[in-house]
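Engineer: Predicted structure and sequence below. I'll ask about it afterward.
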Amino acid sequence: MNEASVYQQLRGHLATLRLAAAAEALPAELESARQEDLSHTAFLEKLLAVEVEAVLTRRQNSLARFACLPSPWRLDDFDFDAQPSVDRKLVQELATLRFLEDATNVLLVGPPGVGKTMLAVGLGWAAVEAGYRVHYTTAAELAAKCHRAALEGRWSTAMRFYAGARLLIVDEVGYLPLAGEAGAALFQVVTQRYLKGSICLTTNLGISSWGRIFEDPMVAAAMLDRLLHRSVVFNIDGESYRMRAHRARAEKMLGKGPNHGR
Ligand code: ADP
Ligand code: MG
């Protein structure tokens, strides 16, 4: 067989094996192998590395899409000095993602604006970048999705979906009441993930007042029990980060700035 038809066959093999990136890189890699006088082993390694790179990028993009994280913030963007009630060491420990190994939950409790969502999203990105399946939702969205699923006879599919991710982030528990079906949905999600997969949950409600948003205080108690059994809890207090920035700007304008002080 001559060189040209071997080349055609090789292209055919790459197409059959769906190694599109390697196929595309083939002419350039062959040329550089000739010029650099590479061994067969070295050439093959370089060609396959191109494909591996493409596969990893695709996988990473698909994990990022699936995660639905609402902002780009990473844990490194969090200003710990501005929020002394957040234990920096503990966040750094969580960033190692060991907590995912034993399905530990992370609860972020505190008033609006103190960085609960930012920390949850930062943990989410850390897990995505380490190759874990992550999914972000708000409690309201979870309730709405489960409601639609119930109407369409897809309840168990929805439950399987929320069991799937290695880390499930449930943001903003407590802003809306979780009565009836909505409470049942969150309860079932928590129950089926219990000791199997981590939940990172944020809430503006002190843990003792959880009974209020659920119709049934027993459901609230059972859910808390499961969430807390193996968990890390952050009680974040202090002022809203946004309000701080606001106030700093306002103070500057109102005469504490360089040209106004008198
Ligand atoms: P919460 O979810 O507790 O209501 P967010 O996480 O949405 O608060 O934070 C409100 C805003 O303030 C966001 O834009 C967030 O990026 C910013 N923010 C809050 N805390 C910090 C912090 N410690 N360092 C940097 N940005 C912060
Ligand atoms: Mg929030």
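Structural biologist: Okay, I see it. Ligands and ions are numbered 1, 2, ... in the order given.
Engineer: Compute the distance between residue 210 and residue 120, please.
Structural biologist: 18 Å (C-beta to C-beta, to the nearest Å). C-betas here are computed from N, CA, C, even on glycine.
Engineer: nope, residue 208 is what I meant
Structural biologist: 21 Å.
Engineer: Residue 149 now?
Structural biologist: In this structure, residue 149 lies at 24 Å from residue 120, with C-beta to C-beta as the measure.
Engineer: Have a look at those two and say which one is more surrounded.
Structural biologist: residue 120 (23 against 17; other C-beta atoms under 10 Å).
Engineer: Confirm for me that that one is in contact with residue 108.
Structural biologist: Yes. When contacts are counted by C-beta atoms under 8 Å, residue 120 is listed as touching residue 108 (6.1 Å).
Engineer: between the two, what contacts are shared?
Structural biologist: The overlap between the contact sets of residue 120 and residue 108 (C-beta atoms under 8 Å, 6 or more residues apart in numbering) consists of 200, 202.
Engineer: Provide a list of residues in contact with residue 125.
Structural biologist: 67, 69, 72, 73, 74, 75.
Engineer: residues contacting the second one?
Structural biologist: Counting by C-beta under 8 Å, 6+ apart, residue 69 makes contact with 121, 124, 125, 128, 134, 136, 169.
Engineer: Up against ligand 1, what does the stretch 151-262 of the chain have?
Structural biologist: Residues of the stretch 151-262 of the chain that fall close to ligand 1, judged by C-beta under 6 Å from any ligand atom: 241, 242.
Engineer: that older thread, filter the contacts of residue 69 down to the buried ones.
Structural biologist: If you count burial by 16 or more other C-beta atoms under 10 Å, the buried members of the contacts of residue 69 come out as 121, 124, 125, 128, 134, 136, 169.
Engineer: in the sheet, who's paired with the last one?
Structural biologist: Residue 169 has the following beta-bridge partners by DSSP bridges: residue 136, residue 200.
Engineer: State the distance from it to ligand 1.
Structural biologist: When C-beta to the nearest ligand atom, to the nearest Å is the yardstick, residue 169 and ligand 1 sit 11 Å from each other.
Engineer: what sits against that residue?
Structural biologist: 69, 120-121, 123-124, 134-137, 199-202.
Engineer: tell me the pLDDT at it?
Structural biologist: Residue 169 carries a pLDDT value of 98.
Engineer: again, but for the third one
Structural biologist: Looking at residue 125, its pLDDT is 98.
Engineer: That one falls within a helix, correct?
Structural biologist: Yes. Secondary structure of residue 125 (DSSP: H, G, I helix; E, B strand; the rest coil): part of a helix.
Engineer: got a pLDDT number for residue 256?
Structural biologist: Residue 256 carries a pLDDT value of 60.
Engineer: same question but for residue 229, I mixed them up
Structural biologist: At residue 229 the predicted local distance difference test score is 94.
Engineer: quick check: mean pLDDT across stretch 29-46?
Structural biologist: Mean predicted confidence for stretch 29-46 is 96.
Engineer: Which of the residues in that stretch are classified as buried?
Structural biologist: Under the neighbour-count criterion of 16+ other C-beta under 10 Å, stretch 29-46 has 29, 33, 38, 43, 46 buried.
Engineer: Dump those residues to TSV, plus secondary structure.
Structural biologist: Rendered in TSV, the data for those read as follows (three-state DSSP):
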residue	secondary structure
29	helix
33	helix
38	coil
43	helix
46	helix
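Engineer: which one of those residues sits closest to ligand 1?
Structural biologist: Nearest to ligand 1 out of these is residue 46 (C-beta to the nearest ligand atom; 42.2 Å).
Engineer: give me the subset of the contacts of residue 125 touching ligand 1.
Structural biologist: Applying C-beta under 6 Å from any ligand atom, the subset of the contacts of residue 125 adjacent to ligand 1 comprises residue 73.
Engineer: In TSV, list the contacts of residue 125 along with distance to residue 161 and pLDDT.
Structural biologist: Listed next are these as TSV, based on distance: C-beta to C-beta, whole Å; pLDDT from 0 to 100:
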residue	distance to residue 161	pLDDT
67	13	98
69	17	98
72	24	97
73	25	96
74	26	97
75	26	97
